[in-house]
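> Need coordinates for the below:
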Amino acid sequence: MRLIVMGQQAFGKDVLAKLLETGTDEVVAVYCEPDKEGKPADPIKEFAVEKGLPLEQPANFDDQATLDKLASYNADLMVMAFVNVFVPEAARDTPTHGSICFHPSLLPLHRGPSAVNWPIILGSTKSGYSWFYPSDGLDEGDSLLQWECEIGPDDTVIDLYFKKIYPHAVDSVLTVVDLYRDGNPPRIVPDESEATYERRCNKNHARVDWHKPVAHVYNLIRGTNPAPGAWTTFNGDELGIFDSVRVPGDGISGRVREITDEGISVQAVGGRVLVKRVRPAGDAKMPASEWAASVGLKPGDTFGN
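Numbering: from 1, shown residues only. Sure thing, here's the model as predicted:
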């Protein structure tokens, strides 16, 4: 099959590499976002240039010349791997078999740009990914295939995405193309009554409220690790909270209960969080015990308001 690969960053690059690796199909063009001033070239762009593939970087698909260029590649399928640019129907339907798009959740759950963060933050025990037939709605459309995995009780974004979803999803692009090659790609119709949409998880969502149940606090910390990063305050200064574990213990929420070489034990409602790694404002990440010593933190001190 003649393929257009549209994507960005490491995932887009690795999907492209996987398709080239087999040599079964011909990648006729690579599409990615325009270069951003002052930032390094996108990995998928660098890889496409290295491989001598035709590269296109339109800012949008609003003009006929851009659509005509897309059509000139005479593609059978456009594989959309990690795409932030809106791709209208006229562009999506240009290849003979249209387009297929990747999303790191079990659609219709967690539509939106932070689909890996929110399942962890909300305490879900499973997630996965979908390859779906994109429409003009955000992450809407039937799915071609889905893959499910467990969210462990201590999984962070790194564990869920980079160790579970990412490697399996990259390999799955070969199955995606094979399903089209077979001539009758399946359609999994979403149950819209189960659909959820969450906005982009940002700093405003990542502030720790130590007066919440410990499960809520711990899920927020691991669901924002490494980005956007949970945070609290100490003596009015921001402190990023990263690697942590949940531990038992009672007391007044928000108070530091114990400081050891392993980290800082902070009380929430019904339990404690042992914070192992922090980032003071304007500084690099460091062991929590090292930061505690630098500011003279002691048991009984309070985090947050």
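
> Was I right to think residue 222 contacts residue 156?
Yes. With contact defined as CB atoms under 8 Å, residue 222 counts as touching residue 156 (4.5 Å). No exception for glycine: its C-beta is placed from N, CA and C like everyone else's.

> Now that residue 295 has come up, it's in contact with residue 236, right?
No. If you go by CB under 8 Å, residue 295 and residue 236 don't touch, sitting 11.9 Å apart.

> Just want to know which of the two has more residues nearby.
residue 295 (13 against 6; other CB atoms under 10 Å).

> Backbone dihedrals for that one, both of them.
Torsion angles at residue 295 (phi, psi; degrees, to the nearest 10) stand at phi -110, psi 0.

> Quick one: residues contacting the closest residue to it other than its chain neighbours.
Excluding the flanking residues, the one nearest residue 295 by CB to CB, 6 or more residues apart in numbering is residue 234, at 7.0 Å. Residues in contact with residue 234 (CB atoms under 8 Å, 6 or more residues apart in numbering) are 295, 297, 301, 303.

> any idea which of those is closest to residue 99?
Nearest to residue 99 among those: residue 303, at 47.3 Å, using CB to CB.

> Let me see the contact set for the nearest residue to that closest one once chain neighbours are set aside.
Leaving aside its sequence neighbours, residue 303 sits nearest to residue 232 (CB to CB, 6+ apart; 4.7 Å). Contacts for residue 232 (CB under 8 Å, 6+ apart) come out as 207-208, 210, 238-239, 241, 303-304.

> so residue 232 is in which element?
strand 230-234 (DSSP states H and E).

> I'd like the C-alpha coordinates of that strand written as CSV, please.
Only the C-alpha atoms of strand 230-234 are listed here, as CSV (Å, rounded to 0.1, in the frame of the first residue of the first chain):
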residue,chain,number,x,y,z
ALA,A,230,2.2,18.0,40.9
TRP,A,231,3.1,20.9,43.3
THR,A,232,2.5,22.3,46.7
THR,A,233,3.9,25.2,48.7
PHE,A,234,6.1,25.5,51.7
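
> packing partners for the helix or strand immediately after it in the chain?
Reading on from strand 230-234 to the C-terminus, the next helix or strand found by DSSP H and E is strand 237-241. Strand 237-241 makes packing contacts with strand 230-234, strand 277-280 when contacts are defined by 3 or more CB pairs under 8 Å, 6 or more residues apart in numbering; DSSP states H and E.
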